[in-house]
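Trainee: sequence and computational prediction follow.
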Amino acid sequence: MENFTFYSPTYFVFGKNSETQTGDMIKRFGGSKVLIHYGGGSVVRSGLLDRVKESLKSGNIEYVELGGVKPNPRSGLVYEGIELCRKEKVDFILAVGGGSTIDSSKAIAAGVVYDGDFWDFYSGKLIEEALPVGTILTIAAAGSEGSPDSVITKEEGMFKRGATGDAIRPKFSILNPALTQTLPPFQSAAGITDIMAHLYERYLTNSTEVEVTDRLIEALLLTMKHEGPRVIENPDNYEARANIMWAGMMAHNNSCGVGRTQDWNSHDIEHELSALYDCAHGAGLAVTMPAVFRYVMKHNVMRFAQAAVRVWGCSMDFEHPEVTALEGIKALSDFLTGLGMPKNFSELGAKEEDIPALVESLCCGNGRDGKLSGFVTLDKEDCTKIYKMMI
Ligand code: NZQ
Ligand code: ZN
């Protein structure tokens, strides 16, 4: 196991009607003037936004609002949010929605207290200071409710890039699984896929002797395998939603990733797809992961074979472990398509002729040096081959 530090101070309020505690939570973490940030309208239609405002009003907490966050959130609204917060002297950001809304909130929180362009953080600068952020989560997926990360797309060049720093870990996150019951099946499935990707990206490690995190990851993958089909079949299944929601948080607050190197090449390769085609991140991952895994499998066949046996119930072929490894990758891919996820480029809306542009942006865009590091280091030629495998 590698040395590590782990700081995960988010206060979680989990369960039915937990959003009624929003005002109390904001006070607890020192907020007096709040920006309520939300997406394209699902929280308006569900009545959640009104309930949240009620909670703030009854705590005599002032607020301003900024809606309109798009899936794959854009830099334009972040600049708008920063300006609004400065003008209104906002001291707390409340994200009400999914990963996109939370990520946009984190970007605003970091940008408000920074003299330069907030995009510096999405070009490699660590976020060391930010306004406090709280979240009310409406989709189990990105894990941003417990993570130190934010992913934003810059309209100029359509670069989709991540920023990180413990300063943007939410101060509190309110997780009411019932709020996810209004999700369309496709979004539920995309969320499940993303959660599983966060687990796989950590499972693909070059560290050895990491039994505790291996076993945690396997447990969470098994949970997703059990609960995923149950919510697709019955979107109102509160208990299945609850298990998925907490698994989504645990998959990405890094409790499963400490002490081990991690991959993240599937994420980087996917981010180019959701930047160019505006597809759901999870849908892009359903197409990306199997291709990447088949491409890099030989680097450590036993890692894939272990997942195949322990998670997917494949029997181990000791003479030909690559057969077992491939069976496991196929089982993952079949599972995701069974939930309703796309399986290739055309189902995703991607085009073969765009591959050179995807590879250029992936490997060299926004200051990158031509290579992706991770479980296996990938250059432009590797990435081209991987995208072609998705056709
Ligand atoms: O915008 P609204 O109207 O709210 O609709 C959203 C959106 O259309 C809808 N939705 C959310 N909750 C709902 C609902 N519809 C009905 N009922 C509900 N309860 O679902 C759609 C997707 O929402 P979004 O916030 O985009 O989903 P998700 O949580 O999957 O976030 C995706 C973004 O997170 C990034 C992704 O790249 C993508 O940009 N990621 C962020 C990470 C992080 N910060 O740690 C890590 C991830 O790997 C990921 O990259
Ligand atoms: Zn993800």
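Mentor: Looks like it came in fine. Ligands and ions are numbered 1, 2, ... in the order given.

Trainee: in what helix or strand does the nearest residue to residue 187 once chain neighbours are set aside lie?
Mentor: Spatial nearest neighbour of residue 187, excluding adjacent residues (C-beta to C-beta, 6 or more residues apart in numbering): residue 139 at 6.3 Å. For every residue, glycine as well, the C-beta is placed using N, CA and C. Under the criterion DSSP states H and E, no helix or strand holds residue 139.

Trainee: got the confidence number for residue 139?
Mentor: On pLDDT, residue 139 comes in at 98.

Trainee: ranges for the strands of this structure?
Mentor: Taking DSSP state E, the strands of the chain run over residues 11-14, 33-38, 62-66, 92-97, 133-137, 149-154, 159-164, 172-175.

Trainee: closest to ligand 1 out of those?
Mentor: strand 149-154 (3.6 Å; C-beta to the nearest ligand atom).

Trainee: is there any residue in that closest one that contacts ligand 1?
Mentor: Yes. Applying C-beta under 6 Å from any ligand atom, one finds strand 149-154 in contact with ligand 1 at 149, 150, 151.

Trainee: and these, which is closest to residue 164?
Mentor: Nearest to residue 164 among the residues of strand 149-154 next to ligand 1, counting by C-beta to C-beta, is residue 149 at 5.0 Å.

Trainee: which residues does the closest one form beta bridges with?
Mentor: Residue 149 has these beta-bridge partners by DSSP bridges: residue 164.

Trainee: that one contacts residue 167, doesn't it?
Mentor: No. Residue 149 sits out of contact with residue 167 when judged by C-beta atoms under 8 Å, with a separation of 11.7 Å.

Trainee: how many other residues sit next to residue 89?
Mentor: 10 (other C-beta atoms under 10 Å).

Trainee: i'd like the first residue to be 803 from this point on
Mentor: That works, and once the first residue is 803, the last one we named lands at residue 891.

Trainee: which ones are touching it?
Mentor: Going by C-beta atoms under 8 Å, 6 or more residues apart in numbering, residue 891 touches residue 835.

Trainee: what distance do you get for the residue nearest to the spatial centre of the chain to residue 1168?
Mentor: Most central in the chain under C-alpha atoms, centre = their mean is residue 944, positioned 2.4 Å from the mean C-alpha point. Per C-beta to C-beta, to the nearest Å, residue 944 is found 20 Å from residue 1168.

Trainee: repeat for residue 1131
Mentor: 30 Å.

Trainee: what of residue 1142?
Mentor: For residue 1142 relative to residue 1168 (C-beta to C-beta), the value is 32 Å.

Trainee: compare the two (neighbour count), which wins?
Mentor: Between residue 1142 and residue 1168, counted using other C-beta under 10 Å, the more crowded position is residue 1142 (17 against 14).

Trainee: picking up where we left off before, number of nearby residues for the residue nearest to residue 989?
Mentor: Residue 941: 25 neighbours (other C-beta under 10 Å).

Trainee: how much space separates it from ligand 1?
Mentor: Separation of residue 941 from ligand 1 (C-beta to the nearest ligand atom, to the nearest Å) stands at 4 Å.

Trainee: quick one, what contacts that residue?
Mentor: 899, 900, 901, 982, 985, 989, 990, 993.

Trainee: low-confidence ranges in the protein?
Mentor: The chain contains no residues with pLDDT under 70.

Trainee: got the residues of it near ligand 1?
Mentor: Residues of the chain lying near ligand 1 (C-beta under 6 Å from any ligand atom): 841-845, 873-874, 899-903, 905, 940-941, 943-946, 949, 951-953, 981-982, 984-985, 989, 993, 996, 1054, 1069, 1083.

Trainee: buried among these? Need that as a selection in ChimeraX.
Mentor: Typed into ChimeraX, the line below selects the buried ones among the residues of the chain next to ligand 1, using 16 or more other C-beta atoms under 10 Å:
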select :841,844,845,873,874,899,900,901,902,903,905,940,941,943,944,945,946,949,951,952,953,981,982,984,985,989,993,996,1054,1069,1083
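
Trainee: buried set for stretch 1155-1166?
Mentor: Here stretch 1155-1166 shows 1156, 1157, 1160, 1161, 1163, 1164, 1165 as buried, counting by 16+ other C-beta under 10 Å.

Trainee: can you give me the distance of the most far-flung residue of the chain relative to its centre to ligand 1?
Mentor: Within the chain, residue 1121 marks the point farthest from the mean C-alpha position, 37.3 Å out by C-alpha atoms, centre = their mean. For residue 1121, the distance to ligand 1 equals 37 Å [C-beta to the nearest ligand atom].

Trainee: which phi and psi does that residue have?
Mentor: Residue 1121 adopts backbone torsions of phi -80, psi -30, taken as degrees, to the nearest 10.

Trainee: how about the helices in the stretch 1053-1193 of the chain?
Mentor: Using DSSP state H, counting those that start in this stretch, the helices found in the stretch 1053-1193 of the chain span residues 1067-1079, 1083-1098, 1103-1112, 1123-1140, 1147-1150, 1157-1166, 1182-1191.
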